[in-house]
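Visitor: Any chance you can model this:
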Amino acid sequence: MHIDNHTHSHVSNDILVQIILAFPFILLLVIYLHAVYILNQHKRKWPIHRPVLWTIGILSAVVTVNGPLADLAHINFTAHMFGHILLGMLAPLLLALAAPMTLILRTLPVTASRSMIKVLGSKSIRVLSNPIITSLLNVGGLWLLYTTDLFVMMHEYSLVYLLVHLHIFMAGYFFTISFIYIDPIAHRTSFVFRSIVLLLALTAHSILSKYIYSHPPKGVSAVEAELGAKIMYYGGDVIEIVLVFIICQQWFKNSRPKVKESKQEVYL
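Guide: Take a look at the predicted model:
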């Protein structure tokens, strides 16, 4: 069973769209690895597991927007949902664990680093790092995508397709870094607050998967909706468990006596 033909447009064959989506990720990979090289040459060594996580995260995003999986996702809801897990959940988590902002701050000259720190402390970043806001952008955006005509429009218009995929990734990334503090963050919230908001967000994500199971998006067959919903539910659970584990681990480390947590960065 496939997505109905009226939702399958030229977007699925638009190589340019795939290139436009993949290019920023490839660029980020090159920039990150170059920064690691510079840091290792002139300063102290960067942990090897971080570029590994970054590379896997970038590849997870690229295979979602470019190649066979991207093509199949246009006509198969199951493939689409698998791509959602990779682009909106796994890739953001792996990239967050790679601590890109810490790497940038260590690589840039002192003056540039100080300017970057000011940006991180700005009001706009404060809003984007608030767990409530990131949850609304992330989970709320998914509700909007799968319960309105936006899902159909995404397959009919290249611009909508681009914007939706960029939103899924960016919302997923900001959602992740608003709950687990790997990089420096000026506007920290308490572990209790983050835990409560995370529980609500994960519940909303779970409810959405169940809603899709019984109310398929327009143009999606019941069979594919059921399988896609299961992938969203159980696949999402795996990423969510890791996220919960990390925040609990950080909470435990923070609460141990005689152990001071750095105000500038937290290492996993």
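
Visitor: Only C-alpha atoms from now on, for both contacts and neighbour counts.
Guide: Noted.

Visitor: Wait, residue 25 touches residue 57, no?
Guide: No: the pair residue 25 / residue 57 is not scored as a contact, 9.4 Å apart, by CA atoms under 8 Å.

Visitor: Relative to the whole chain's centre, how far out is the lengthiest helix in the chain?
Guide: Selection of the longest helix in the chain by residue count, based on DSSP state H, yields helix 15-42. Centroid displacement of helix 15-42 relative to its chain, using CA atoms, centre = their mean, to the nearest Å, is 17 Å.

Visitor: what do you get for stretch 231-248?
Guide: 13 Å.

Visitor: Buried ones in that stretch, by neighbour count?
Guide: 231, 232, 233, 235, 236, 239, 240, 243, 244, 246, 247 (16 or more other CA atoms under 10 Å).

Visitor: Now the two most distant members of the residues you listed.
Guide: Maximum pairwise distance among the buried residues of stretch 231-248 (CA to CA): 23.9 Å, between 231 and 247.

Visitor: can I get the CA coordinates of stretch 228-237 in PDB?
Guide: Extracted C-alpha coordinates of stretch 228-237, given in PDB (Å, rounded to 0.1, in the frame of the first residue of the first chain):
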ATOM      1  CA  GLY A 228       4.200   4.000  10.400                       C
ATOM      2  CA  ALA A 229       2.600   4.700  13.700                       C
ATOM      3  CA  LYS A 230       4.300   1.700  15.300                       C
ATOM      4  CA  ILE A 231       7.700   2.900  14.000                       C
ATOM      5  CA  MET A 232       7.000   6.300  15.400                       C
ATOM      6  CA  TYR A 233       5.900   4.900  18.700                       C
ATOM      7  CA  TYR A 234       8.600   2.200  19.300                       C
ATOM      8  CA  GLY A 235      11.400   3.800  17.400                       C
ATOM      9  CA  GLY A 236      10.700   7.100  19.200                       C
ATOM     10  CA  ASP A 237      10.800   5.200  22.500                       C
END
